[in-house]
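In: This is the structure alone, sequence omitted:
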């Protein structure tokens, strides 16, 4: 595992994340009847399937199949694929077409470390700006999380896990932190949900949320920072334990 988080390669991931954020901001409110909006529709459709794990790393993407699925011509699909390739989500293979790229271990680490830094800032700002609301909402999320664990509801717990962290980002008062945090979490969601297949990961995640909550409740900024670092470090280890390595084979079609 790389120890130097300031390695120049980290800038590539930073720029990619910021580009995602920029794209999301400028996609809002589009009219889906024009050409640019049509490829945007395809882009979002395929991207969400990649983020959710419905389209797996290494899986082949076929223009005709996607066009038929959405009910449009192949031209906007081709343009969407081009933009997905620019964003580093898919790659073009000669005489094969496109396939979904894997997230390398180094990229997973970089994304988690950037997220860690942002969440520490977000938590401190949220405590200052919206303490009462923050404590109330996090307490409610933890209570609901405990219920889903008792019922072994993986996807429900994953949703609440996302809500916990997004609540901190939202109440920070920074729309920039909120947007970037959402993008990073979606980029990692397929690995995080897979890690939740292990019961002990459920419990570790919930324990981490409780540590963060208690530190926030005490208004102890230093303790909040330690709790977030501890929780996200364990999350990173759990993700790396289940994340697939770089794909070398094309697997299936979409």
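Out: Sure, I can see it. From a predicted model like this one, the values you see are computed outputs, not experimental measurements.

In: and residue 135, how many neighbours does it have?
Out: 16 (other C-beta atoms under 10 Å). For glycine as for every other residue, the C-beta is placed from the backbone atoms N, C-alpha and C.

In: Enumerate the sheet neighbours of the stretch of helix or strand residue 91 belongs to, specifying parallel or antiparallel for every one.
Out: Assigned by DSSP states H and E, residue 91 belongs to strand 90-93. As defined by DSSP bridges, the strand partners of strand 90-93 come to strand 97-100 (antiparallel).

In: Pull the residues that contact the strand holding residue 91.
Out: Where contact means C-beta atoms under 8 Å, 6 or more residues apart in numbering, the residues beyond strand 90-93 that reach it are 50, 61, 81, 84-85, 98-101, 250.

In: Repeat the analysis, applying 7 Å as the threshold.
Out: Applying C-beta atoms under 7 Å, 6 or more residues apart in numbering, the external contacts of strand 90-93 come out as 61, 81, 84-85, 98-101.

In: With stretch 164-177 instead?
Out: Looking at stretch 164-177 with C-beta under 7 Å, 6+ apart, the contacting residues turn out to be 118-119, 121-123, 125-126, 129-130, 133-134, 137-138, 141, 178, 181-182, 185, 209.

In: out of the residues you listed, which are buried?
Out: Among the contacts of stretch 164-177, those buried by neighbour count (16 or more other C-beta atoms under 10 Å) are 118-119, 121-123, 125-126, 130, 134, 137-138, 141, 178, 181-182, 185, 209.

In: can you tell me which of the residues you listed are in helices?
Out: In helices, judged by DSSP state H, the following of the buried ones among the contacts of stretch 164-177 are found: 118-119, 121-123, 125-126, 130, 134, 137-138, 141, 178, 181-182, 185, 209.

In: pLDDT weak spots in the stretch 151-254 of the chain?
Out: When the per-residue scores of the stretch 151-254 of the chain are filtered using pLDDT under 70, the ranges that remain are 186-187, 189-197, 199, 243-254.

In: Over to the residue located most distally from the centre of the chain: give its phi and psi.
Out: Within the chain, residue 95 marks the point farthest from the mean C-alpha position, 31.3 Å out by C-alpha atoms, centre = their mean. Main-chain dihedrals, residue 95, degrees, to the nearest 10: phi 60, psi 10.

In: Look up the closest residue to residue 99, ignoring the ones flanking it.
Out: Of all residues not flanking residue 99 in the chain, residue 60 sits nearest, at 4.9 Å (C-beta to C-beta, 6 or more residues apart in numbering).

In: so how far is residue 46 from the one you found?
Out: Computed with C-beta to C-beta, to the nearest Å, the distance linking residue 60 and residue 46 is 12 Å.

In: who's in contact with the residue nearest in space to the middle of the chain?
Out: In the chain, the C-alpha closest to the average C-alpha coordinate belongs to residue 185, at a distance of 1.9 Å (C-alpha atoms, centre = their mean). When contacts are counted by C-beta under 7 Å, 6+ apart, residue 185 touches 162, 165.

In: Can you spell out which helices and strands pack onto the strand or helix carrying residue 38?
Out: Secondary-structure assignment from DSSP H and E places residue 38 in helix 35-52. Helices and strands in packing contact with helix 35-52 are listed as helix 63-70, helix 74-86, helix 175-195; criterion 3 or more C-beta pairs under 7 Å, 6 or more residues apart in numbering; DSSP states H and E.

In: mind running it again at 10 Å?
Out: Helix 35-52 makes packing contacts with helix 9-27, strand 60-61, helix 63-70, helix 74-86, strand 90-93, strand 97-100, helix 175-195 when contacts are defined by 3 or more C-beta pairs under 10 Å, 6 or more residues apart in numbering; DSSP states H and E.

In: how about low-confidence regions in the stretch 1-150 of the chain?
Out: Within the stretch 1-150 of the chain, the ranges that satisfy pLDDT under 70 run 1-35, 52.

In: Looks like residue 66 contacts residue 45 (just checking).
Out: Yes - because the distance of 7.7 Å satisfies C-beta atoms under 10 Å, residue 66 is recorded as touching residue 45.
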